[in-house]
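Engineer: the sequence and its predicted three-dimensional model are supplied below.
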Amino acid sequence: MTVLESQLSNLRFHIDEGNLRLRADQLRARLKMYPTMVVGQMLLEPLFVALLWSQCSHETLLSWLGVMFAVHAVEMFGWSRYKTQLESVEQCRQWNIRFTLYALAVGLTWGSVAAWFFPQELAYQALLICVVLGLAAGAVTMNAVHPPSLYVYVLCVTLPLLLRLVWAGDSAHWILAGMLLLFLLTVLSAGRELSRTFWTALLRRYENDSLIQQLTEQKARAETASRDKSRFLAAASHDLRQPLQALVLFSEALQEAAHEKATSHLAGQIGKSVSALVDMFDELLDVSRLDAGVVQVRHQHFELRDLFDRLYVDFAAQAHAKKIILEVPTCEHVVHSDPSLLERILRNLVSNAIRYTHAGRVQVLCECSENRLRLAVKDSGVGISAENLPHIFEEYYQVNNPQRDRRLGLGLGLAIVRRLAALLECKIGVQSEPGKGSQFAFNLPLGEAAQRSQPFVPSYMQNDLRGVKVALVEDDQDIRNTLVELMGQWECQVTAGMLPDEVISSLQASGARPDILVCDYRLPQGMNALHVISQVHGLWGKEIPALVLTGDTEPQTLLEIQGSGAQLLHKPITPARLRSVMHFALHGDK
């Protein structure tokens, strides 16, 4: 529909199913102000009669006033009886007719003044003209929502007086008639503009409402898809991690048992592939844990020196293999942050920088200003184009990996960095130029040297677990047997079973009290690790530490495990890490 057609339809006030909602809103707006309009007229009319009381027949004036009040009574009766009937096309059409007829009746009654009691004195004629001008001007503001009422009322009020002025025939009345005609045209033009503005506002509102509804529906579909994806990933993650856990244990055992050169090389290659697969799962897990809100921030005052030393030791060989220079400063500054989360941010940034730098250098920068410390990772790599820059922190987004080379990761590194930075309440800034490199920087608050502590960093060395009594509940027989053999090599005393009742019965029969519980999360017969923890704590006390092994990544599951007070370990877990975490659960950082 063109603009002209829309305006003509608005002037005709055509009503059909297509524009019902808009027309109903226009009519509701007029109904809302209708009592005010009628009461205003009823107050004005007696004053008008009083104004002309000395100029016209009293009977005529009172008769006119009676007609006016009768018309208003009909208006108010119709308003009170039908004001809620605006649901259908037919009801709206009926109100369109009523409004038009009411405007016609009131307008003609006012217009009849020019014929019934037109004053003889010019001064009173001028007062009459002023009243008519006021009525016309008021109609523009009150009736613009319903154009037929506006035009009918204004024309019925002004045209009789205009003709009466022309009929007088002298120059003064001709001038007054010209002025009234000019005012009439101006009023009608203003009314048309107000009506068009109101109509346009309604159209825009409904367009916006439609857009909001579409966005709401799309958001609901996206949230549903996201929940479905999360459930699928959680289920797939658990199902895939079970055999992967066994694969990790078998790979470790194979590498230890391989003595011949060819066999050792093959075992090493298998180990590398398994490690790459584990790293990918760990990235997915990190995103799930961060989204679930189970990652706790532990702020400490600590020196950056040891953290930087570990970064250099761990990445120097990788940088040297690509023949690029890795520069890590000697930093004595103390910061107030979480050392573990900060190290993860820097590791991801340095790893990315080395991965996408083929010549030149990767630098870790440390600059102190006032009470803030600025850390940055700068490289001379491929850089990032302006159109890709806004998307680099999105999940699975990789600028230079359209073929999805697994050696370049899953595209979750920077997504994890963004989440970790949000936990540390710092913002990552990015500067990059294609072909020249990138720089990722953020600020941290300086710490107090007098309050500095040595942050705990998990170690995977051979912690002593000799004589530790382990209650192991694992429903996968391969994993259970391998764990029993592995813990036996650590000289642990292991009581293992598929169900908690088997393990608890064996322990009670031998009169043993477990030192630690290691339990898979999902168990047969609808049980899970939380049930086992409750049973063990009920029998031997809550001081027995519990380790929960799981392949689940569903946020609700992670929150439930965290709420139980247990240590959470995600499959696949290496023997070295399992041993280290068991030792830490038993002895803390002592």
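Structural biologist: It's in.
Engineer: ranges for the strands of the protein?
Structural biologist: 300-303, 325-327, 334-337, 361-369, 372-379, 429-433, 437-445, 469-473, 493-497, 516-520, 546-550, 567-570 (DSSP state E).
Engineer: so for the fourth one, mean pLDDT?
Structural biologist: The average pLDDT within strand 361-369 is 89.
Engineer: out of the strands of the chain, nearest to V187?
Structural biologist: When those are compared by C-beta to C-beta, strand 429-433 sits nearest V187, at 59.8 Å. All C-beta atoms are positioned from the backbone trio N, CA, C, and that covers glycine.
Engineer: tell me how far the closest one lies from the chain's centre.
Structural biologist: 26 Å (C-alpha atoms, centre = their mean, to the nearest Å).
Engineer: and the gap between the nearest residue to M498 once chain neighbours are set aside and N528?
Structural biologist: With sequence-adjacent residues excluded and distances taken as C-beta to C-beta, 6 or more residues apart in numbering, M498 is closest to D475, at 4.9 Å. Per C-beta to C-beta, to the nearest Å, D475 is found 11 Å from N528.
Engineer: any residues in contact with both of these two?
Structural biologist: Counting by C-beta atoms under 8 Å, 6 or more residues apart in numbering, the common neighbours of D475 and N528 are R522.
Engineer: list the contacts for the spatially most central residue of the chain?
Structural biologist: Centroid-nearest residue in the chain: K219, 9.1 Å away (criterion: C-alpha atoms, centre = their mean). Contact analysis of K219 by C-beta under 8 Å, 6+ apart lists nothing.
Engineer: need the pLDDT of it.
Structural biologist: On pLDDT, K219 comes in at 85.
Engineer: where does the residue nearest to M498 land on pLDDT?
Structural biologist: 88.
Engineer: now do Q245
Structural biologist: 63.
Engineer: about what we covered before: and the strands of the chain: which comes nearest L22?
Structural biologist: Closest among these, once you apply C-beta to C-beta, is strand 429-433, at 47.4 Å.
Engineer: sheet partners, orientation included, of the closest one?
Structural biologist: Sheet pairing for strand 429-433, assigned by DSSP bridges, gives strand 437-445 (antiparallel).
Engineer: and the angle from the strand it pairs with to strand 372-379?
Structural biologist: Calculated by axes from the mean of the first three to the mean of the last three C-alpha atoms, to 10 degrees, strand 437-445 forms an angle of 160 degrees with strand 372-379.
Engineer: for E207, see how far away the nearest residue to Q439 once chain neighbours are set aside is.
Structural biologist: With C-beta to C-beta, 6+ apart as the criterion, Q439 has its nearest non-adjacent residue at 4.3 Å, and that residue is K378. Distance from K378 to E207, counting by C-beta to C-beta: 48 Å.
Engineer: between those two, point out the one with more neighbours.
Structural biologist: The residue with more neighbours, out of K378 and E207, is K378; 19 against 10, by other C-beta atoms under 10 Å.
Engineer: who does that one bridge with?
Structural biologist: According to DSSP bridges, the partner residues bridging K378 are Q363, Q439.
Engineer: G437 is in contact with that one, correct?
Structural biologist: Yes - contact between K378 and G437 holds when scored by C-beta atoms under 8 Å: they sit 6.8 Å apart.
Engineer: what sits in contact with each of those two?
Structural biologist: Shared contacts of K378 and G437, defined by C-beta under 8 Å, 6+ apart, are absent.
Engineer: give the contact list for Y124.
Structural biologist: Counted by C-beta under 8 Å, 6+ apart, Y124 has contacts L51, L52, Q55.
Engineer: against Q41, how distant is the first one?
Structural biologist: Yep, that's L51 we're talking about. 15 Å.
Engineer: do the last one as well
Structural biologist: For Q55, the distance to Q41 (C-beta to C-beta) stands at 21 Å.
Engineer: ok, now H173?
Structural biologist: Distance from H173 to Q41, by C-beta to C-beta: 27 Å.
Engineer: which residues touch L349?
Structural biologist: V377, V417, F440.
Engineer: can you pull the pLDDT of the second one?
Structural biologist: By that I understand V417. For V417, the pLDDT comes out at 84.
Engineer: and the pLDDT at R98?
Structural biologist: 90.
Engineer: please apply the same query to L499.
Structural biologist: 91.
Engineer: that one: neighbour count?
Structural biologist: 15.
Engineer: which residues touch it?
Structural biologist: For L499, the contacting residues are V473, D475, L523, P524, Q525, M527, by C-beta under 8 Å, 6+ apart.
Engineer: which of H173 and Q41 has more residues huddled nearby?
Structural biologist: Q41 (20 against 16).
Engineer: any figure for the gap between that one and M68?
Structural biologist: For Q41, the distance to M68 equals 7 Å [C-beta to C-beta].
Engineer: what of I384?
Structural biologist: Counting by C-beta to C-beta, the gap from I384 to M68 is 77 Å.
Engineer: counting neighbours, what do you get for Q508?
Structural biologist: Considering only other C-beta under 10 Å, Q508 is surrounded by 12 other residues.
Engineer: that one: what's it in contact with?
Structural biologist: L539.
Engineer: can you rerun that using 10 Å?
Structural biologist: Shown in contact with Q508 (C-beta atoms under 10 Å, 6 or more residues apart in numbering): L539, W540.
Engineer: pLDDT below threshold where in the stretch 151-300 of the chain?
Structural biologist: Applying pLDDT under 70 to the stretch 151-300 of the chain picks out residues 226-262, 264-265, 267-295.
Engineer: pLDDT score for the closest residue to W490 other than its chain neighbours?
Structural biologist: Nearest non-adjacent residue to W490, counting by C-beta to C-beta, 6+ apart: L465, 4.5 Å away. Note on L465: pLDDT of 87.
Engineer: what's the burial count for L465?
Structural biologist: 19.
Engineer: how about it, phi and psi?
Structural biologist: Dihedral pair for L465: phi -120, psi 20, per degrees, to the nearest 10.
Engineer: isn't it up against E491?
Structural biologist: Yes - the pair L465 / E491 is scored as a contact, 6.9 Å apart, by C-beta atoms under 10 Å.
Engineer: need the residues touching each of the two.
Structural biologist: Joint contacts of L465 and E491 (C-beta under 10 Å, 6+ apart) do not exist.
Engineer: where does pLDDT dip in the stretch 351-500 of the chain?
Structural biologist: 395-412, 454-463.
Engineer: quick one: the helices in it, in order.
Structural biologist: Remark: helices assigned in the stretch 351-500 of the chain by DSSP state H, counting those that start in this stretch are 413-423, 477-489, 500-510.
Engineer: and among those helices, the most buried is which?
Structural biologist: Across the helices of the stretch 351-500 of the chain, averaging neighbours per residue (mean count of other C-beta atoms under 10 Å) puts helix 413-423 on top, at a mean of 19.
Engineer: which elements pack onto that one?
Structural biologist: helix 261-292, helix 339-355, strand 437-445 (3 or more C-beta pairs under 10 Å, 6 or more residues apart in numbering; DSSP states H and E).
Engineer: make it 8 Å
Structural biologist: If contacts are counted by 3 or more C-beta pairs under 8 Å, 6 or more residues apart in numbering; DSSP states H and E, helix 413-423 sits against helix 261-292, helix 339-355.
Engineer: CA atoms only: put that helix into CSV for me.
Structural biologist: Output in CSV follows, covering the C-alpha atoms of helix 413-423 (Å, rounded to 0.1, in the frame of the first residue of the first chain):
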residue,chain,number,x,y,z
GLY,A,413,40.8,-20.7,23.8
LEU,A,414,39.7,-17.1,23.6
ALA,A,415,36.2,-17.9,24.6
ILE,A,416,37.6,-19.3,27.8
VAL,A,417,39.9,-16.3,28.2
ARG,A,418,36.8,-14.0,28.0
ARG,A,419,35.0,-15.9,30.7
LEU,A,420,38.0,-16.1,33.0
ALA,A,421,38.6,-12.4,32.5
ALA,A,422,35.0,-11.7,33.5
LEU,A,423,35.5,-13.7,36.7
